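1. Could you work out the structure for the sequence below:
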Amino acid sequence: MFRTLALCLTMIFCFSGAALAHFGMVIPSSDIVMEKKDATVSLALSFSHPMEMVGMPLASPASFKVFEDGEAQEMKDALKPATIMEHPSWTAEYMIKRPGVYQFVMEPTPYWEPAEDCFIIHYTKTVIAAFGEEEGWGAPLGLKTEIVPLTRPFGNYAGNVFQGQVLLDGKPVAGADVEVEFYNKDKKYEAPNDYMITQVVRTDADGVFTYAVPFAGWWGFAALNTAAEKMDHEGTPKDVELGAVLWTQFLDPVRK
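-> Below is the predicted model:
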């Protein structure tokens with residue numbers, strides 16, 4: 001009887017942990033800017049379980065940058081405290097002044113996750129295209145770890161296949177798990193069971209993953225690896241989960 005109860009509790013714990021995938025989030029007010037009146041975009045930075053809309057506190061990021069035409073601009077001083085999903089988060093505004101492809105990247109301070117006995121650092125990016133320009137969307141940024149899109153990360157329909165390549169220290173990562181979740185902002189969807197909360201795909205020998213997006217909205221892709229170095233937590237060395245996260249929007253066509 002005791003063994004059966006223990007097994008049940010273990011299974012519940014395991015399934016609950018699997019269902020609650022962590023995602024750094026950088027969500028812009030729009031991923032495409034076509035008119036000058038929309039040139040100022042708002043960006044929301046948070047840390048969450050996006051499908052279940054369960055937030056976690058996001059400390060002041062170590063860095064928040066925008067990359068455009070090969071140049072990086074630090075935006076950390078532009079961040080303002082906010083509350084997202086009932087937890088401390090951040091927002092910023094950025095004015096787009098010329099045609100281009102703008103990649104926004106958040107490097108958070110390490111987050112200690114007691115349930116996983118490790119630190120979490122999610123290098124999180126999103127891409128905005130402006131005024132008809134689309135050159136440079138597949139350019140690596142030289143991050144510690146990142147997803148380099150192989151499918152253009154804007155202007156996509158729901159139902160499209162999305163591909164990306166996972167890099168760690170600039171090199172492709174074979175066999176990496178990539179967690180995929182929907183940002184259930186309006187809470188209009190509910191997963192049929194815990195397995196459906198987080199989708200999982202795996203990279204091939206070249207670090208490439210493929211996912212067919214089932215419905216419209218913002219989708220996050222998080223490629224997870226363990227850092228070679230450990231970090232100290234209360235005098236004990238602990239593992240560090242390195243996440244390469246990319247958020248991109250998929251749309252339904254406008255019906256006449």
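
2. the strands in the stretch 101-250 of the chain, which residues?
-> Using DSSP state E, counting those that start in this stretch, the strands of the stretch 101-250 of the chain run over residues 111-113, 118-130, 145-149, 156-157, 161-168, 171-172, 177-182, 199-202, 208-212, 217-226, 231-233, 236-251.

3. Now render those strands as a markdown table, adding mean pLDDT.
-> Listed next are the strands of the stretch 101-250 of the chain as a markdown table, based on pLDDT from 0 to 100:
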| stretch | mean pLDDT |
| --- | --- |
| strand 111-113 | 92 |
| strand 118-130 | 97 |
| strand 145-149 | 99 |
| strand 156-157 | 98 |
| strand 161-168 | 99 |
| strand 171-172 | 98 |
| strand 177-182 | 98 |
| strand 199-202 | 98 |
| strand 208-212 | 99 |
| strand 217-226 | 97 |
| strand 231-233 | 94 |
| strand 236-251 | 97 |
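
4. Need the ones you listed in a markdown table (columns: distance to residue 22 and mean neighbour count).
-> In this view, the C-beta of every residue, glycine as well, is placed from N, C-alpha and C. Putting the strands of the stretch 101-250 of the chain into a markdown table (distance: least, C-beta to C-beta, whole Å; neighbours: other C-beta atoms under 10 Å) gives the following:
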| stretch | distance to residue 22 | mean neighbour count |
| --- | --- | --- |
| strand 111-113 | 7 | 15 |
| strand 118-130 | 6 | 23 |
| strand 145-149 | 15 | 23 |
| strand 156-157 | 24 | 15 |
| strand 161-168 | 17 | 20 |
| strand 171-172 | 23 | 12 |
| strand 177-182 | 9 | 20 |
| strand 199-202 | 14 | 16 |
| strand 208-212 | 18 | 16 |
| strand 217-226 | 8 | 22 |
| strand 231-233 | 16 | 13 |
| strand 236-251 | 7 | 20 |
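
5. Residue 37: which of these is closest?
-> strand 118-130 (12.8 Å; C-beta to C-beta).

6. tell me the angle that closest one makes with strand 217-226.
-> Per axes from the mean of the first three to the mean of the last three C-alpha atoms, to 10 degrees, the angle that strand 118-130 makes with strand 217-226 is 140 degrees.

7. name the helices or strands packed onto strand 118-130?
-> Where contact means 3 or more C-beta pairs under 8 Å, 6 or more residues apart in numbering; DSSP states H and E, strand 118-130 is packed against strand 23-28, strand 32-33, strand 40-49, strand 100-107, strand 111-113, strand 145-149, strand 236-251.

8. Kindly recompute the last result at 6 Å.
-> Judged by 3 or more C-beta pairs under 6 Å, 6 or more residues apart in numbering; DSSP states H and E, strand 118-130 is in contact with strand 23-28, strand 100-107, strand 111-113, strand 236-251.

9. Tell me which of those sits nearest to residue 86.
-> For those, proximity to residue 86 was assessed by C-beta to C-beta; strand 23-28 is nearest, at 14.3 Å.

10. Could I get the contacting residues of residue 180?
-> By C-beta atoms under 6 Å, 6 or more residues apart in numbering, the contact set of residue 180 is 199, 211, 221.

11. Mind doing that once more with 7 Å?
-> Going by C-beta atoms under 7 Å, 6 or more residues apart in numbering, residue 180 touches 198, 199, 201, 211, 219, 221.
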